[in-house]
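Asker: I would like the atomic coordinates for the input below:
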Amino acid sequence: MTTEKSPRELLLEGSDELGIALDPGKAEALLAYLGEIAAWNERFNLTSITDTREMVVKHLLDSIALLSRFEPALGSSLVDIGAGAGLPGIPLKLVRPDLKLTLLESSAKKSSFLAHVIDLFGLEDAMVANERAEDFGKRMENRDIFSYAVSRAVADLAVLVEYALPLLRVGGRFFCYKAKGARDEVEGVKQALNLLGGRIDEVAEVVVPFLNAKRYLVAMTKVAPSGETYPRRAGVPAKRPIR
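Answerer: Below you'll find the model as predicted:
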């Protein structure tokens, strides 16, 4: 970690390295968002990271690194599965306000924080769905509608695939952030992809500025409809991942 740089310097230099142009307004909004996480963290346990510089690198730069490899279509819909404190969805929305964002989070406390952030920053075309991914994905009005899904949730890739693919339209893409073991996880997700109509496009190593750890982005495309039996009922995907 480059501790001598200010959080703003880390953000601006890091985004520049990623090839992402941040105007002053977007940079200030991203830093203010970190301030909200810090202010709410003691009550709601949003993150284990409390150093602001570390938050810039591990929360902001890590989240927006997706945009260094892929540019979502203008005005497209995006669902963040297991959004937690809003990562990566909120940083992506602050950088790309045209995106139509749904934050899917089962925790009521974290969902209330996300609703607060949406209201505070006046984010249009952004909403919070406070429910389990399995229940959200069972309702017909939520299926086959999203252009993109993203997740930084710490969960088995096969579980995340079962949550994400039913929500995507055919041709939609799922981007899953992984810290390590991504290629091994991909080997274990082939059956889930076959059943849910997905295809692995690539497992790309992403260099996050100022981060001394490897990060991977698993990119998938939905190529066929997902069966109506998926996702299975709440709790089952995590207990019995599709193998």
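Asker: Past the lowest-mean-pLDDT helix or strand in the chain, which element shows up next along the chain?
Answerer: When the helices and strands of the chain are scored by mean pLDDT, DSSP states H and E, helix 182-187 comes last with a mean of 90. Note on helix 182-187: by DSSP states H and E, the next helix or strand toward the C-terminus is helix 190-196.
Asker: For this protein, just list every one of the strands.
Answerer: Secondary structure of the chain (DSSP state E): strands at 77-81, 100-104, 126-129, 146-151, 168-178, 198-206, 215-222.
Asker: Find the residue closest to Ala238 in space, skipping its chain neighbours.
Answerer: Val159 (5.4 Å; CB to CB, 6 or more residues apart in numbering). Placement of C-beta: from N, CA and C, glycine included.
Asker: that older thread, mind checking which of the strands of the chain is nearest Lys58?
Answerer: For Lys58, the closest of those is strand 215-222, at 9.7 Å, according to CB to CB.
Asker: Using PDB, list the CA coordinates for that closest one.
Answerer: The C-alpha atoms that make up strand 215-222 are tabulated as PDB, following Å, rounded to 0.1, in the frame of the first residue of the first chain:
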ATOM      1  CA  ARG A 215      -7.400 -10.400  -8.600                       C
ATOM      2  CA  TYR A 216      -9.400 -12.300 -11.200                       C
ATOM      3  CA  LEU A 217     -12.500 -11.500 -13.200                       C
ATOM      4  CA  VAL A 218     -14.600 -14.500 -14.400                       C
ATOM      5  CA  ALA A 219     -16.700 -13.400 -17.300                       C
ATOM      6  CA  MET A 220     -19.700 -15.500 -18.500                       C
ATOM      7  CA  THR A 221     -22.400 -15.100 -21.100                       C
ATOM      8  CA  LYS A 222     -25.900 -16.500 -20.900                       C
END
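Asker: re earlier: residues making contact with the least confident helix or strand of the chain?
Answerer: Helix 182-187 is contacted from outside by 156-158, 178, 200, 203, 216, 218, using CB atoms under 8 Å, 6 or more residues apart in numbering.
Asker: Hmm, Lys110 is touching Ala83, no?
Answerer: Yes - contact criterion CB atoms under 8 Å: Lys110 and Ala83 qualify, at 7.4 Å.
Asker: Those two: who's more crowded?
Answerer: Taking neighbours as other CB atoms under 10 Å, Lys110 and Ala83 compare with Ala83 leading, 28 against 22.
Asker: quick one: low-confidence ranges for the chain?
Answerer: For the chain, the stretches flagged by pLDDT under 70 are 1-3.
Asker: which helix of it spans the most residues?
Answerer: helix 24-44 (DSSP state H).
Asker: Report the buried residues of it.
Answerer: Buried residues in helix 24-44, counting neighbours by 16 or more other CB atoms under 10 Å, are found at 26-27, 29-31, 33-34, 36-38, 40-41, 44.
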